[in-house]
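**Student:** predicted coordinates and the sequence they were generated for:
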Amino acid sequence: MSAGTPLTTSQGVTAAADPAVSAGSAGADPSCVAPYMLSQMQRNIASACFVITDTSGASPLLSSPGCVIASPSYKGYARGVVPVDEDYVYNWTRDAAIAVSEVLHSAPALLPAAAAVQAFTDYVTFADACQKSTPGDIGHGKYDVQGGEVAWSSQSDGPALRVLTLLQGYGSLSPAAQATAQQVIARDLACLLGPSPSAGPGDTTPWYQTTTFNHWEDTEGNSLFARAVQLRCFNQVSANTYGIAVPAGVSTAISWLMGVIPAHWDNANNWYTSLLPPVTRHSDQPPVAAYDPAIDPVMACLYGDGITYDDPRLLSTAAAVRDHWTTGPAAYPINAADNDIGLGPLIGRYADDGYDGDDTGVASGHPWAVCTCNFAQLYYSLASAVATGTAVPTDPLALGFFAQIGVSDPGAVPPGDVVQALRAAGDRMLNAVVYHSDRLSLSEQFDQGTGFEKSVVDLTWSYGAFLSAVRTR
């Protein structure tokens, strides 16, 4: 499948609620393809019976159980006529935590509970191996398929996300696996509460208070996303009922993060700033004229604490993000075409993103499946909140967000109609992802002009984001 074709039941996909509407079409229920998306994601998770081979080195490496590769693509991998310029056959701490979290969420509805527990147990063992391979840098970003060290940057969102996933499934583990999980959690917390891996001699400033490479791994600064997931991590550790030790400094960290997250609000632009100074770009990345508006604050709300779904400032930020990719000189051409058939829009990462992902030599950003699914999840999350009694935000900052989905005066519309509009907006985005997928195989990006998939294939995080969105729906 190329730039976009609706999927029908004849192609092995569960039918939508309305049999006349196929997944990937306007008005379809995108959650009907969740079982298949889960099976696609599981292909990137190694087990004792399913081994992944990394052929990038002199000798092939066979994966250890619990390894979660980001994608089966490697440098020079050719899909069609455009070679891929990246090697993603590695275990990223962040991506692995997000993927395994969705495996746990999928049981028992989409996956037998025993299978989820086994995958989670393998993940715990693999995480332990990763930490032991980089004892001086527990926040290391990625590892090889055996949990070995790979030259890469440190990112403080990874340990926090890993702790959250370990807490999520902790109760399902055997006593022996729980003991290992406790060790992994203790190391991650010590990493976040201790000095940065790159701190100089005598610098004892906790890492959560300093800069980190962002979750896109191309820019270093005081990251709103990292701070939000760290806050959720510390909150859940503090409230755990498993007897997991709460280190000294956690309550201080919670107070500090709660105080600093509001400082990301940019009153002049009416959006949350994703990165506060000092901000530097990775040495191999071109400079950016402007980073915000960016999807980062939306992701901070979904994966972290400190920003709520009904926060008018978040909704103002989200409106600016959507506008950036649909109106003006930065708008993706594919969004105009999709709008004509009742789909979209597709969403990108940040304002001046120049990452292409394919070996074309062209510095041009594109929409990402992860970003689009996360934006859809914001719609679903707010819809669920309103449906269960949260007041519809009527602050002037929120008006642009609602106007984009056809609600001109949210205070004058019955809450049930607002819920319906929010869910329909989320469905348009997820159906665009399905429409442009290659038979439900989700790559990292979609071409901004044609809608064809591009960059690495079968990105684990793309599937995780889709599953998280439909679960929220």
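**Tutor:** Received, thanks.
**Student:** strands along the protein, start to end?
**Tutor:** Secondary structure of the chain, counting by DSSP state E: strands at 53-54, 61-62, 78-79, 82-83, 91-92, 142-143, 212-213, 219-223, 265-266, 271-272, 275-281, 445-446, 453-454.
**Student:** S133 is nearest to which of those strands?
**Tutor:** For S133, the closest of the strands of the chain is strand 142-143, at 6.7 Å, according to CB to CB. C-beta: built from backbone N, CA, C; applies to glycine.
**Student:** tell me which strands and helices that closest one is in contact with?
**Tutor:** On a contact count with 3 or more CB pairs under 8 Å, 6 or more residues apart in numbering; DSSP states H and E, strand 142-143 meets strand 91-92.
**Student:** so which residues make contact with the strand it packs on?
**Tutor:** 67-70, 126, 130, 141-145, 147, 158 (CB atoms under 8 Å, 6 or more residues apart in numbering).
**Student:** could you do stretch 416-428 as well?
**Tutor:** For stretch 416-428, contacts defined as CB under 8 Å, 6+ apart pick out 26-30, 342-345, 376-380, 382-383, 386-387, 392, 402, 404-407, 410, 469, 473.
**Student:** over to stretch 114-122?
**Tutor:** With contacts defined as CB under 8 Å, 6+ apart, stretch 114-122 is touched by 45-48, 65-66, 100, 103-104, 106-108, 169, 172-174, 177.
**Student:** just the buried residues from those, in PyMOL please.
**Tutor:** To isolate the buried ones among these in PyMOL, judged by 16 or more other CB atoms under 10 Å, type:
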select buried, resi 45+46+47+65+66+100+103+104+106+107+169+172+173+177
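**Student:** mind listing the helices for this structure?
**Tutor:** In the chain, the helices defined using DSSP state H lie at 34-42, 93-106, 113-133, 157-169, 175-193, 224-238, 250-260, 296-303, 312-326, 333-339, 369-387, 399-403, 415-436, 460-472.
**Student:** and those helices: which comes nearest G200?
**Tutor:** G200 sits nearest to helix 175-193 of all these, at 17.0 Å, using CB to CB.
**Student:** next, the angle from the closest one to helix 93-106.
**Tutor:** With axes from the mean of the first three to the mean of the last three CA atoms, to 10 degrees defining the directions, helix 175-193 sits at 140 degrees from helix 93-106.
**Student:** follow-up on the earlier one: nearest to P247 among the strands of the chain would be which one?
**Tutor:** Smallest distance to P247 across those (CB to CB): 19.5 Å, for strand 212-213.
**Student:** packing partners of the closest one?
**Tutor:** If contacts are counted by 3+ CB pairs under 8 Å, 6+ apart, strand 212-213 sits against strand 219-223.
**Student:** so what are the sheet partners of the strand it packs on and their directions?
**Tutor:** According to DSSP bridges, strand 219-223 forms sheet pairs with strand 212-213 (antiparallel), strand 275-281 (antiparallel).
**Student:** which one of those strands lies closest to A248?
**Tutor:** strand 212-213 (22.2 Å).
**Student:** what mean pLDDT does the closest one have?
**Tutor:** Strand 212-213 shows an average pLDDT of 96 in the prediction.
**Student:** determine how far it lies from the middle of the whole chain.
**Tutor:** On the basis of CA atoms, centre = their mean, to the nearest Å, strand 212-213 sits 16 Å off its chain's mean C-alpha point.
**Student:** what's next to it, contact-wise?
**Tutor:** 139, 141, 153-157, 196, 219-223, 226, 282.
**Student:** if we use 6 Å, what do you get?
**Tutor:** Contact with strand 212-213 is made by 153, 155-156, 220, 223, 226, as judged by CB atoms under 6 Å, 6 or more residues apart in numbering.
**Student:** could you export the strands paired with strand 219-223 as CSV, including distance to T450 and mean neighbour count?
**Tutor:** Formatted as CSV, those follow (distance: least, CB to CB, whole Å; neighbours: other CB atoms under 10 Å):
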stretch, distance to T450, mean neighbour count
strand 212-213, 31, 25
strand 275-281, 28, 15
